[in-house]
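**Student:** This is a predicted model, with the sequence first.
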Amino acid sequence: MTRDMVEVSGDGREALRPEYLSEGTTRLSNKDIISADFATRNWSIGAVIFTWIAIVWCVPTWMVAGGVVGMLSWSQGLLAMFLGSLMVAVFSVLNGYPAIKYGIPMAAVARSAFGIYGARLAGFVRSVMACGWCGVEFWIGATSLNGILIILFPGWWGDFGAGVWIMYVVFGALNVGLALGAHPAKSLRLYRLFNYATVPIMIVIGIAILIWVGTNVGFAPIMELEGEASGKTGLAVMALFATAALFPLLEFTDMVYGISDIIRYAKSQKIQVLGQLISIPIAYVTFAVIGLSAAGASKVMYGEILWNPIDLLTRLGTWWAAVGLLMFFLITLSTNVGINLIPGGFNISNISPQHISWRMGVVATAAVATLWMPWRFFGSYGDYVVHWLEVLGATIGPLAFILICDFWVVRKRKLYLYDLYAEDGIYSAAGGYNWAGIISFLVAAGTALYVNYVTGEMLLVLPAGGVVAFFGYRLLAKFWFVPTYQKEWSPSVL
């Protein structure tokens, strides 16, 4: 492979020439990871917006917003959700830039910051956390089924009785069965189409909840709730507000890091910038209104904040609540199979393709998802934040900040597309391991996890990991790795 195999469009985007593909792929490339040609980069701004709406309007977003009722007033919580979702949009735009310019997925982008082989570490970490998300979805789906049975058959085992564990096994087996029962590529397309179809379903559920709130509680009592902010002033309220504002970013840390996987098909930088800056805050705030209102209504009616919509609908016990739980079950099933289980099977298979088949990878993903013991996250809102969202931010967050630093600061928005797939190029230096990125990640993730579990400062977990990752990588790249191993290729980064 030579550097003349790259073609450049009039707007500065790059793609590998068809001749490269016709010569066959190396062990560093295949049809999934190779640079997308210009013809397939055809997403309009509407496609970007609709994709993000389908991603944001989900049960985890409802839960994040619902729990904020216990911290802030309704208006403060909504503002915090807006600012948090705006941060998601900004960081997604920054990490989406190389995807548009070169048409490459996250696995290829990461090779610049971690090396052509070191990027496998980043991929492994992301795979483990994706298994965690799979476990979270397992539990959401299982409790949805359990809630339906509680409503229809009052004698059914509720709460943490035998019923929910039976439903966990049933839902997990259904996920694995659907994943293994069809061709992966065709299944992914079908599940993504179904995810788009869930958008109007979520709209109907949201409208039904808001009608219920307005009819049975009214919005005035909800607006009067103040949460932990009640009686506090100044810095104490600001700390609560800042903590809540980070929750959307924690929830979508993995999307920020891996945004290249989907956004690389957009037509231009303008489309990805406007599409993400418009869709993410609007979609998140819209759905946050539902989560905040529903959780606030539960506080007024029952004296406790039911931040999890599954618990709220199960408590309501009406026929339309059972229908809502059924919709959550179908949405969660589709999302988990298409977004977590099938891709997770490929990720685990890629660790050793000669020994681990894709089907074995799917089963392994489900097994690791259960090893996460996702039920631990749902005991309280604090458990969900500390044991899941904060851990997600502590591990994936540093990876995202390292990519931003690498592309925008170290590489100055210039990657060598050809070398991302070559075993003798700039990213193969030091045996294919960029130790500046690897060391920075390990130190940053360790720091963030220490802050989370030892100091208990939720506000500082993501900032601590991000700052250490960004500046640690910058210093190691500038004063050690680049001048030692990559100076002959990229003297300009010094």
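**Tutor:** Received the coordinates, thanks.

**Student:** residues of the helix or strand residue 124 falls within that come out buried?
**Tutor:** Assigned by DSSP states H and E, residue 124 belongs to helix 119-152. Neighbour counts over helix 119-152 (16 or more other CB atoms under 10 Å) mark 119-123, 125-151 as buried. All C-beta atoms are positioned from the backbone trio N, CA, C, and that covers glycine.

**Student:** do the same with stretch 220-236
**Tutor:** Neighbour counts over stretch 220-236 (16+ other CB under 10 Å) mark 222, 225-227, 229 as buried.

**Student:** mind giving me a markdown table with these and columns for secondary structure, distance to residue 473 and pLDDT?
**Tutor:** Formatted as a markdown table, these follow (DSSP: H, G, I helix; E, B strand; the rest coil; distance: CB to CB, whole Å; pLDDT from 0 to 100):
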| residue | secondary structure | distance to residue 473 | pLDDT |
| --- | --- | --- | --- |
| 222 | helix | 44 | 93 |
| 225 | coil | 43 | 89 |
| 226 | coil | 41 | 85 |
| 227 | helix | 37 | 82 |
| 229 | helix | 36 | 78 |
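
**Student:** Out of those, which comes closest to residue 250?
**Tutor:** The closest of those to residue 250 turns out to be residue 227 (CB to CB; 18.6 Å).

**Student:** roughly how far apart are the closest residue in space to residue 241 that isn't next to it in sequence and residue 289?
**Tutor:** In this structure, residue 241 finds its nearest non-sequential neighbour in residue 80, 5.5 Å apart by CB to CB, 6 or more residues apart in numbering. Distance of residue 80 to residue 289, computed by CB to CB, to the nearest Å: 13 Å.

**Student:** Which of the two has more residues huddled nearby?
**Tutor:** residue 80 (24 against 18; other CB atoms under 10 Å).

**Student:** My understanding was that that one contacts residue 65; is that so?
**Tutor:** No - using CB atoms under 8 Å, residue 80 is not in contact with residue 65, being 9.3 Å away.

**Student:** returning to that earlier point: buried residues, the helix or strand following the helix holding residue 124. List them.
**Tutor:** Downstream of helix 119-152, the first helix or strand assigned by DSSP H and E is helix 162-180. By 16+ other CB under 10 Å, the buried positions in helix 162-180 come out as 163-164, 166-168, 171-172, 174-176, 178-180.

**Student:** Let's have the residues you listed in TSV, adding pLDDT.
**Tutor:** Formatted as TSV, the buried residues of helix 162-180 follow (pLDDT from 0 to 100):
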residue	pLDDT
163	86
164	90
166	92
167	94
168	95
171	96
172	95
174	93
175	91
176	92
178	84
179	83
180	84
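
**Student:** tell me which of those is nearest to residue 56?
**Tutor:** Closest to residue 56, out of all of those and judged by CB to CB, is residue 175, at 22.1 Å.

**Student:** any idea how far residue 280 is from residue 41?
**Tutor:** From residue 280 to residue 41 the distance is 21 Å (CB to CB).

**Student:** Settle it for me: which of the two has more neighbours?
**Tutor:** Neighbours were counted for residue 280 and for residue 41 using other CB under 10 Å; residue 280 has more, 27 against 20.

**Student:** Can you list the low-confidence ranges for the protein?
**Tutor:** Applying pLDDT under 70 to the chain picks out residues 1-4, 18-27, 30-32, 158-160, 182-196, 350-354, 488-494.

**Student:** Strands along that one, start to end?
**Tutor:** According to DSSP state E, the chain carries its strands in the segments 6-8, 14-16.

**Student:** Output the ones you listed in CSV, with mean neighbour count appended to each entry.
**Tutor:** Shown next, in CSV, are the strands of the chain (neighbours: other CB atoms under 10 Å):
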stretch, mean neighbour count
strand 6-8, 14
strand 14-16, 21
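
**Student:** In JSON lines: these, plus distance to residue 410.
**Tutor:** Output for the strands of the chain, formatted as JSON lines (distance: least, CB to CB, whole Å):
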{"stretch": "strand 6-8", "distance to residue 410": "21"}
{"stretch": "strand 14-16", "distance to residue 410": "19"}
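
**Student:** Dihedrals phi and psi, the residue located most distally from the centre of the chain?
**Tutor:** The outermost residue of the chain relative to its centre, with distances by CA atoms, centre = their mean, is residue 155 at 37.7 Å. When quoted as degrees, to the nearest 10, the phi and psi of residue 155 stand at phi -80, psi 0.
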